[in-house]
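In: the sequence isn't on hand, but the structure is:
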């Protein structure tokens, strides 16, 4: 029964399929499109190729080839002046980078040497004080002991005092604390020069004069702060206190005076008569107040350092001689004890207090004011077109002295008023030092 039912279904579906197909075919209606017009005949393949070839040859000969010829001419006829200027600019840039590399190396060297000499100061001071105190104790023991150990204690004490005397002489000669301060100042100034050259490179268009100026500054710093000790070390006890000089000397040329308008307030490159007068007044204040004050303090510290440098080895020498004459129960035994104790105190004051470092600090600070004065005077004496912009120059000076622009102008006004009244100004130019 199931097979009969399936066969009947298949037969019924097959009988219905033609009917469905005929219905769909009768439903499709194809519209009658208008007949196309007769198109013109295209040229043959040979004719088309000839026309295209002719057009390409004509166009390439008239337009493409001249363009290529112009490009070749422009590449062959490069302006020699522009190429040489580019090569010079590249060389200048390489030279500035070479100077930067040398400066970076010097910064590292001065930093390392400064730390080394600071360690010298600490280690030598501790060693000398321990030797001096030990020798003093031995002298005291020799004075208080019996006859048997006196000779050994006296000899040991004398040898220790003699060794301390030699070490103190060497230490006072080289002044390690002052050497360390010199290297710290050199590191700071080389970093300052490094930042200056980086600014020149960042602004672009450096000149040959920038390279020469940078070279002169590097050599001037090398001369002002030498690294070796033998033969190149700076004099630690000069006859007169002198400010440090780390900038290259510039030959000043006589220039014609520049007169600005009195009434119309003429301004050229940011400079006018009022700004020039302001700069001159600031220079006068630095000369009369800051430079004189630091030279006075520097001379005072230099005298104190000389006195301590002489007193230290003198006391240890007296103790060394006195320890040879120590006897039990004699008043002569007091001499090496007192001299040894005083020598320890003197060495602690001189090198523990780093008096040499203080003297170098005053020397470098006085040099800072001298360098600022020279910078201002050289700028004023230059032709106005060659000067740095006046507003920028004024801002740099204010930052150097730790003042605002209004405070700098007030200082110049006070200086001018005091000079007219004949009274000394009661204010320093710098608020940093």
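Out: Good, I have the coordinates. Only a predicted model underlies this, so the values are computations on that prediction, with no experimental measurement involved. Numbering: from 1, shown residues only.

In: hey, let's count contacts and neighbours off CA atoms from now on
Out: Will do.

In: pLDDT of the longest helix anywhere in the chain, averaged?
Out: Assignment by DSSP state H gives helix 80-144 as the longest helix of the chain. Averaged over helix 80-144, pLDDT sits at 90.

In: whatever helix or strand residue 212 lives in to helix 80-144, inter-axis angle?
Out: Here residue 212 sits within helix 208-224, counting by DSSP states H and E. Between helix 208-224 and helix 80-144, the angle comes out at 10 degrees (axes from the mean of the first three to the mean of the last three CA atoms, to 10 degrees).

In: contacts for helix 208-224, please.
Out: 92, 95-96, 99, 103, 186, 189-190, 193, 197, 244-248 (CA atoms under 8 Å, 6 or more residues apart in numbering).

In: mind redoing it with 6 Å?
Out: Residues from elsewhere that reach helix 208-224 (CA atoms under 6 Å, 6 or more residues apart in numbering): 246-248.

In: does residue 337 touch residue 136 like I think?
Out: Yes. Counting by CA atoms under 6 Å, residue 337 touches residue 136, with 5.3 Å between them.

In: so the two - more neighbours on which side?
Out: residue 136 (27 against 23; other CA atoms under 10 Å).

In: and that one, what does it touch?
Out: Contacts of residue 136 by CA under 6 Å, 6+ apart are 337, 340.

In: and it, how far from residue 152?
Out: Separation of residue 136 from residue 152 (CA to CA, to the nearest Å): 14 Å.

In: report how many residues lie close to residue 423.
Out: Neighbour count of residue 423, defined by other CA under 10 Å: 10.

In: which residues touch it?
Out: Per CA under 6 Å, 6+ apart, neighbours of residue 423: none.

In: so it is in which element?
Out: Going by DSSP H and E, residue 423 is not part of any helix or strand.

In: any idea how far residue 431 is from it?
Out: For residue 423 relative to residue 431 (CA to CA), the value is 21 Å.

In: same question, residue 197
Out: 27 Å.

In: which one of these two has more residues nearby?
Out: residue 197 (20 against 11).

In: which helices and strands sit right next to the helix or strand encompassing that one?
Out: Using DSSP H and E, residue 197 sits within helix 176-203. Other elements packing on helix 176-203 under the criterion 3 or more CA pairs under 6 Å, 6 or more residues apart in numbering; DSSP states H and E are helix 80-144, helix 355-381.

In: which parts of it are buried?
Out: 176-187, 189-191, 193-194, 197 (16 or more other CA atoms under 10 Å).

In: show me what contacts residue 159?
Out: Here residue 159 is in contact with no residue (CA under 6 Å, 6+ apart).

In: that one: what secondary structure?
Out: Three-state call for residue 159 (DSSP: H, G, I helix; E, B strand; the rest coil): helix.

In: hmm, back to that, now the angle from the longest helix of the chain to helix 176-203?
Out: Calculated by the same axes, to 10 degrees, helix 80-144 forms an angle of 160 degrees with helix 176-203.

In: chain center to helix 80-144: distance?
Out: 16 Å (CA atoms, centre = their mean, to the nearest Å).

In: for stretch 316-334, same thing?
Out: Using CA atoms, centre = their mean, the offset of stretch 316-334 from its chain centre is 55 Å.
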